[in-house]
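Undergrad: what's the 3D shape of this:
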Amino acid sequence: MDPNGPVFAQVAEEGRQNNVIGVSIAMTVCATLVVGLRVFTRSMIVGRMFLDDWAMVITMFFAYAFLLELLLSIKNFNAGFSGAQLNPNDMTGILKLTVAIIVTYKALLTSIRTSILFFYLRLAVERTFEKMCKWTFGFVILFFVVFASVTIGQCVPLHKLWDFTGAVQGKCIDTNAFYHVGTVIQILLDIWILVLPYKLVTRIKRPWHEMGALVFIFGLGALSVVAAIARLAFLHIFTASKDPFADIIPIHIWSMVETNLAIICACLPTLKPLFSKSQRNRTREVNGYLSNNKSENTGTVENTANLSIKANWSMKTETVTETEMTAQVRESYRPPVPPKSSHSPKSSRSQRDFDLTLEGLRAARRIEAQFV
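TA: Next up is the predicted model:
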């Protein structure tokens, strides 16, 4: 940095640096607390960590790396100052770290999307929804691999990117078009992932306050998309700027807001067992059923028999309450025995109706225990 630069300019730019540092640290701390609560809820209350939980733990390592790279760029190389106040060493350091920041930022978003899609797959009962989740997951991974590879190889050789003398011979791609197209694809992908479980969630009728909580969670996800759109606007300003070293600060701020809001949004649906005793019981029951995959009929037959006895007794004495019957139904997760196979159209319709009922039952139990 040029020590002879205007004092008022240095004060203003240091203030901008302090703003991005404050926002970045605050957002990362909030995300860390929410992920910590998620891990505590899963491991200590629910009693099991799933793939989506482990993916979110890995996500936080990318979040810390992203924060560290950003702080190094600001504190060690004065990112945010005008290029007129920077020396060649500062500008070279900023450009090198910018490449690392972009790759880490994309890895962080990929890890968040992976965790969300793993979570969706645990709720999937329809083959169509499961296939959409898997195809989306494949596209997420492919998009990251292509984007990271092009970012690292945007110049051949790469050090031509930070050559200010023109002495290095080589070629560079049009990074302006590349980053704009990549960001637009990223926003569309986030919108797709956000609306992907809409049908799955809305098919289950829940009390108004629980639906309000779902609206709040999806609203946070929408805010993350809005932050990505704001980042795109500042990316356009940055790529067209005559002083990109100074105009990079807003991109860092909105990148931090976008990624950490996405982390918080992805974790909130998993925290309900932490605050609701009845939810803790439902989650443990369903997770136990899903993990053990009870294919044995011993316990099911016994529970069904108890249900039948109580049902018959209620017809005679009217002493069995609806609450008791509901408790017995929840104790056995097996649906009624499907109709016997037959080639008649009536039997085929009965089988289809049974399959739809079975899918609805599974969806209701999984979403009730995991998502609402």
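Undergrad: what packs against the helix or strand containing residue 143?
TA: Remark: residue 143 resides in helix 127-152, with elements defined by DSSP states H and E. In terms of contacts (3 or more C-beta pairs under 8 Å, 6 or more residues apart in numbering; DSSP states H and E), helix 127-152 is packed against helix 88-123, helix 175-195. All C-beta atoms are positioned from the backbone trio N, CA, C, and that covers glycine.
Undergrad: again, 10 Å this time
TA: In terms of contact count using 3 or more C-beta pairs under 10 Å, 6 or more residues apart in numbering; DSSP states H and E, helix 127-152 is assigned the packing partners helix 88-123, helix 175-195, helix 198-202.
Undergrad: okay, the angle between that helix and helix 88-123?
TA: Angular relation of helix 127-152 and helix 88-123 on a 0 to 180 degree scale: 170 degrees, by axes from the mean of the first three to the mean of the last three C-alpha atoms, to 10 degrees.
Undergrad: tell me which helix or strand comes right after helix 127-152.
TA: From helix 127-152 onward toward the C-terminus, using DSSP H and E, the following helix or strand is strand 155-156.
Undergrad: strands paired with that following strand, and their directions?
TA: Sheet pairing here is set by DSSP bridges, and for strand 155-156 it gives strand 171-172 (antiparallel).
Undergrad: quick check: mean pLDDT of the strand it pairs with?
TA: The average pLDDT within strand 171-172 is 89.
Undergrad: and for stretch 19-28?
TA: Within the predicted structure, the mean pLDDT of stretch 19-28 is 95.
Undergrad: can you list the buried residues in that stretch?
TA: Applying a neighbour-count criterion of 16 or more other C-beta atoms under 10 Å, one finds 20-21, 23-24, 27-28 buried in stretch 19-28.
Undergrad: quick check: the farthest pair among these?
TA: For the buried residues of stretch 19-28, the maximum inter-member distance is 12.2 Å, found between 20 and 28 (C-beta to C-beta).
Undergrad: that older thread, of the helices and strands packed on helix 127-152, which stretch is the most buried?
TA: Here the criterion is mean neighbour count by mean count of other C-beta atoms under 10 Å, and of the helices and strands packed on helix 127-152 the winner is helix 88-123, at a mean of 20.
Undergrad: show me where the stretch 151-300 of the chain has helices.
TA: Along the stretch 151-300 of the chain, the stretches classed as helices by DSSP state H, counting those that start in this stretch are 175-195, 198-202, 208-239, 244-247, 249-267, 272-275, 277-292, 298-317.
Undergrad: flag every buried residue along the longest one.
TA: For helix 208-239, burial by neighbour count (16+ other C-beta under 10 Å) applies to 210, 213-214, 217-218, 221-225, 227-228, 230-232, 234-235, 238.
Undergrad: quick one, that helix and helix 88-123 angle?
TA: Our comparison of helix 208-239 with helix 88-123, counting by the same axes, to 10 degrees, yields an angle of 150 degrees.
Undergrad: residues touching residue 76, list them.
TA: Residue 76 makes contact with 89-90, 93-94, 97, according to C-beta atoms under 10 Å, 6 or more residues apart in numbering.
Undergrad: what's the helix or strand for residue 17?
TA: Under the criterion of DSSP H and E, residue 17 resides in helix 7-40.
Undergrad: pLDDT on the helix or strand following that helix, on average?
TA: Using DSSP H and E, the next helix or strand after helix 7-40 towards the C-terminus is helix 51-75. Averaged across helix 51-75, the pLDDT comes to 96.
Undergrad: circling back: identify the contacts common to residue 20 and residue 28.
TA: Common neighbours of residue 20 and residue 28, using C-beta under 10 Å, 6+ apart, are 70, 256.
Undergrad: got any ranges where this protein has weak pLDDT?
TA: By pLDDT under 70, the weakly predicted segments of the chain are 1-11, 204-214, 276-372.
Undergrad: thought residue 75 was touching residue 20?
TA: No: counting by C-beta atoms under 10 Å, residue 20 is not a contact partner of residue 75; they are 11.1 Å apart.
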